[in-house]
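Chemist: Give the three-dimensional model of this entry:
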Amino acid sequence: MLFERKHLTNAELISIYKSLLFPRLIEEKMLLLLRQGKISKWFSGIGQEAIAVGATLALEPDEWIMPMHRNLGVFTTRNMPLHKLFMQWQGNKEGYSKGRERSFHFGSKEHHVCGMISHLGPQMAIADGVSLAYKLRKEKKVSLAFTGEGATSEGDFHEALNVAAVWNLPVIFLIENNGYGLSTPIHEQYKCESLVDRARGYGMDGVRIDGNNILSVLDTIKGVRDYCIKYQKPYLIECMTFRMRGHEEASGTKYVPKHLFNIWEEKDPIKNFENFLLEESALTDTGIESIRNELKQQIEDELQLAYKAKPMLVDTEEEIDDVFAPSDSPFRGEPNTQPPPVKDFANSTTSQNGWHGADDKFPLQGVRGLRFIDAISEGLKQSMIQHPNLILMGQDIAEYGGAFKITEGFVQEFGKERVRNTPICESAIVGATLGLSLEGYKSVMEMQFADFVTVGFNQIVNNLAKIHYRWGQHADVVIRMPAGAGVGAGPFHSQSNEAWFTKTPGLKVVYPSTPFDAKGLLIAAINDPNPIMFFEHKALYRSVTGEVPEEYYEVEIGKARHVLSGDEISIIAYGSAVIWAEDFAAEHPEISIDILDLRTLAPLDYASIREAVKRTGRVLILHEDTLIGGIGGEIAAWIGEHCFPLLDAPVMRCASLDTPVPFNMELEKNFLANARLEEMVEKLLSY
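Modeler: This is a model prediction of the structure:
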């Protein structure tokens, strides 16, 4: 192994050696603790330390790194307190994730380390978002994302590299090619000669290096960092290495030919660097032994501190509270802006035709009639003005104005940096929104159709939704979801898929039915530091008009709207179903119908649901979603469990057929729940 010290002094070489040796000695201790049953699982990076340590040393301490589960050297080189890392690995509450995450599935904003999830590939898109934040602020910084050779087979790898290249982002993608994805060898993973060859396909440069040579890794990444900053471009580095242990300790290494261990043992990054230091007279054998003893003692001291951690005391209230960041979080408005106080019209008086007024405390000016679509557009525009750090992203949203023209004219007013057309890479763009959030930006992503969210599903339910619970990092993201049927668009442009997200802890799900609520709830969603799925029914865009104030206001998330008072039957609905219920009530004045518009599906306003049950004793839950698995089942179950004495009849549900959404308009009318509304009302009243 050839080491080129270049300008490095002996003191600098020794410092690098300590950084390289430290994670190896920690791992040796961890393997001992694993055998003693003091930790439950360990992913060893023995043999790969030079990559994590070299990469971290090459970056500035305030540049984000997205490590994987074999990158202990990232955490130690960023000087994260070892006793707290031990607490993390032992599942103590005083670790980085309060005992909620394992090994390296955690992060630290203080140390600019973003924790991985088990799905591997999504990390790279987060790096895109961080680098986009650097670029927008014109900071001379890069982000760096680790990945293994196995994860390069995932679509997330393609999407992240493609977005980084198209947007000219200063991000480094670092492949640790250790020859095996668990037990699958590289010849079963890809057919190209080397993974770095893929860089050219994305229009970026790349290099393949010896990942076991600490000086080569350090020097290469320093140079690549300078390149990315100077030219504002991404770069791909493939580091060739080998892992001397199993994928994780329980899996063993029987699937690896024994001769490979002999070959790679000779390439051990620590043993070779020690020999180099001896040859350069930077250290003696005695000096090496002294450093080893010093670090081992440090490990023992830190471990003793970790053993002093208090036993886990389970606090259910804290567990639930930590799912979401506080909505009055100081992150609102970052950076360098704090939105002015906004008016809350959650309790505005209403009628079946829309909003008619508010409390005397909040006199309104400039109320006028707006279509649903115009209210959405106005809420977005006013939010862009209030939050200079708000970025809009989506397919065709810039010059074209979006598939529904909601952002028409925005690019002329706010510029292409803030109104960003995206490649057709839903997963990468969702990941990028999280990266932006790490750096204090807000973002609104438009799914062209809610149906297309499936290709970004993992990022939403596993990254956005869980990150605050896992390590206290908020995800200040709104995903706009044009949804629903009634426009003859067929099974892939008409789905009602809100129930996919209402069962995912960490997501808020909002679904307005009026222009007033559409604007106020969208503004509230953008002000909220949590990930919010904001559903907009396409059929309401141009068919529903209501009075909307010109000013900037919020409607409180999590509060239902009492639409119409009645004493015979309560219809609980949201979205288009509210319009169906209002129309039905207008056509049947002989029935005293009470209507509750949920507006927010997660969290649900259980107090208002209880009051709706109390008012009539007969409840029909009406929604456009299909019956099986729809949120109506959850609401019905809650009413049965908590409001049974108030009921005069079973809770009934009126939903769309359990089929895909058909294209033919007559078939679609039959599919929709509205086709069976009268029948279900009569059935409930006659019980």
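Chemist: what's the lengthiest helix in the chain packed up against?
Modeler: In the chain, assigned by DSSP state H, the helix with the most residues is helix 10-35. Here helix 10-35 touches helix 49-58, helix 72-77, helix 214-231, helix 269-279, helix 285-307, going by 3 or more CB pairs under 8 Å, 6 or more residues apart in numbering; DSSP states H and E. Backbone N, C-alpha and C define where each C-beta goes, glycine included.
Chemist: Look up the closest residue to residue 426, ignoring the ones flanking it.
Modeler: Closest residue in space to residue 426, ignoring its immediate chain neighbours: residue 456 at 3.7 Å, by CB to CB, 6 or more residues apart in numbering.
Chemist: Could you export the helices and strands packed on helix 10-35 as TSV, including mean pLDDT, distance to residue 613 and mean neighbour count?
Modeler: Supplementary listing: the helices and strands packed on helix 10-35 in TSV, determined by pLDDT from 0 to 100; distance: least, CB to CB, whole Å; neighbours: other CB atoms under 10 Å:
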stretch	mean pLDDT	distance to residue 613	mean neighbour count
helix 49-58	98	57	27
helix 72-77	97	52	26
helix 214-231	98	59	19
helix 269-279	97	67	18
helix 285-307	97	51	14
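Chemist: Of these, which is nearest residue 134?
Modeler: Evaluated over the helices and strands packed on helix 10-35, closeness to residue 134 peaks at helix 214-231, with 8.8 Å, by CB to CB.
Chemist: continuing past the closest one, what's the next helix or strand?
Modeler: strand 235-240 (DSSP states H and E).
Chemist: Determine the set of other helices and strands touching that next one.
Modeler: strand 171-177, helix 198-201, strand 205-210, helix 214-231.
Chemist: Let me see the ranges of the helices in the stretch 301-450 of the chain.
Modeler: 316-321, 372-386, 410-414, 426-438 (DSSP state H, counting those that start in this stretch).
Chemist: now swap in the stretch 551-687 of the chain and tell me
Modeler: So, for the stretch 551-687 of the chain - with DSSP H, counting those that start in this stretch - the helices run 576-587, 606-616, 631-642, 665-671, 677-685.
Chemist: Nearest residue to residue 601 in space, ignoring adjacent ones along the chain?
Modeler: Using CB to CB, 6+ apart, the nearest residue to residue 601 is residue 509, at 4.3 Å.
Chemist: List the residues that contact the one you found.
Modeler: 498, 501, 502, 532, 533, 535, 600, 601, 602 (CB atoms under 8 Å, 6 or more residues apart in numbering).
Chemist: Return the distance of residue 244 relative to residue 70.
Modeler: Per CB to CB, to the nearest Å, residue 244 is found 11 Å from residue 70.
Chemist: who has more neighbours, those two?
Modeler: Using other CB atoms under 10 Å as the criterion, residue 244 and residue 70 rank with residue 70 on top: 28 against 18.
Chemist: thought the more buried one was touching residue 48?
Modeler: Yes. Between residue 70 and residue 48 there is a contact under CB atoms under 8 Å: 5.7 Å.
Chemist: any common contacting residues for these two?
Modeler: Common neighbours of residue 70 and residue 48 (CB under 8 Å, 6+ apart) are 176, 243.
Chemist: returning to what we had before: what residues do residue 244 and residue 70 have in common as contacts?
Modeler: Between them, residue 244 and residue 70 share the contacting residues residue 44, judged by CB under 8 Å, 6+ apart.
Chemist: Who are the contact partners of residue 490?
Modeler: 661, 662, 663.
Chemist: burial measure for the last one, as a count.
Modeler: Read it as residue 663. Neighbour number of residue 663 under other CB under 10 Å is 14.
Chemist: Equivalent analysis for the second one, please.
Modeler: A count of nearby residues for residue 662, using other CB under 10 Å, gives 18.
Chemist: That one touches residue 668, doesn't it?
Modeler: Yes. Using CB under 8 Å, residue 662 makes contact with residue 668 at a distance of 5.4 Å.
Chemist: Just the CA atoms of stretch 284-299, as PDB, please.
Modeler: Below are the C-alpha coordinates for stretch 284-299, written out as PDB (Å, rounded to 0.1, in the frame of the first residue of the first chain):
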ATOM      1  CA  THR A 284       7.900   4.100  17.200                       C
ATOM      2  CA  ASP A 285       6.600   0.800  18.400                       C
ATOM      3  CA  THR A 286       6.500   2.200  21.900                       C
ATOM      4  CA  GLY A 287       4.500   5.200  20.700                       C
ATOM      5  CA  ILE A 288       2.000   3.000  18.900                       C
ATOM      6  CA  GLU A 289       1.600   0.900  22.000                       C
ATOM      7  CA  SER A 290       1.200   4.000  24.100                       C
ATOM      8  CA  ILE A 291      -1.500   5.400  21.900                       C
ATOM      9  CA  ARG A 292      -3.400   2.100  21.900                       C
ATOM     10  CA  ASN A 293      -3.300   1.900  25.700                       C
ATOM     11  CA  GLU A 294      -4.400   5.500  26.000                       C
ATOM     12  CA  LEU A 295      -7.400   4.900  23.700                       C
ATOM     13  CA  LYS A 296      -8.300   1.700  25.300                       C
ATOM     14  CA  GLN A 297      -8.400   3.400  28.700                       C
ATOM     15  CA  GLN A 298     -10.600   6.200  27.300                       C
ATOM     16  CA  ILE A 299     -13.000   3.500  26.000                       C
END
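Chemist: Measure how buried residue 565 is and give me the count.
Modeler: 11.
Chemist: pLDDT score assigned to it?
Modeler: Predicted confidence (pLDDT) for residue 565: 98.
Chemist: Spit out the contact partners of the closest residue to it other than its chain neighbours.
Modeler: Of all residues not flanking residue 565 in the chain, residue 594 sits nearest, at 5.9 Å (CB to CB, 6+ apart). Residue 594 sits next to 562, 564, 565, 566, 567, 568, 569, 570, 571, 612, 615, 616 when contact means CB under 8 Å, 6+ apart.
Chemist: Give me the pLDDT for residue 261.
Modeler: On the pLDDT scale, residue 261 gets 79.
Chemist: Verify the contact between it and residue 243 for me.
Modeler: No. Between residue 261 and residue 243 there is no contact under CB under 8 Å: 10.2 Å.
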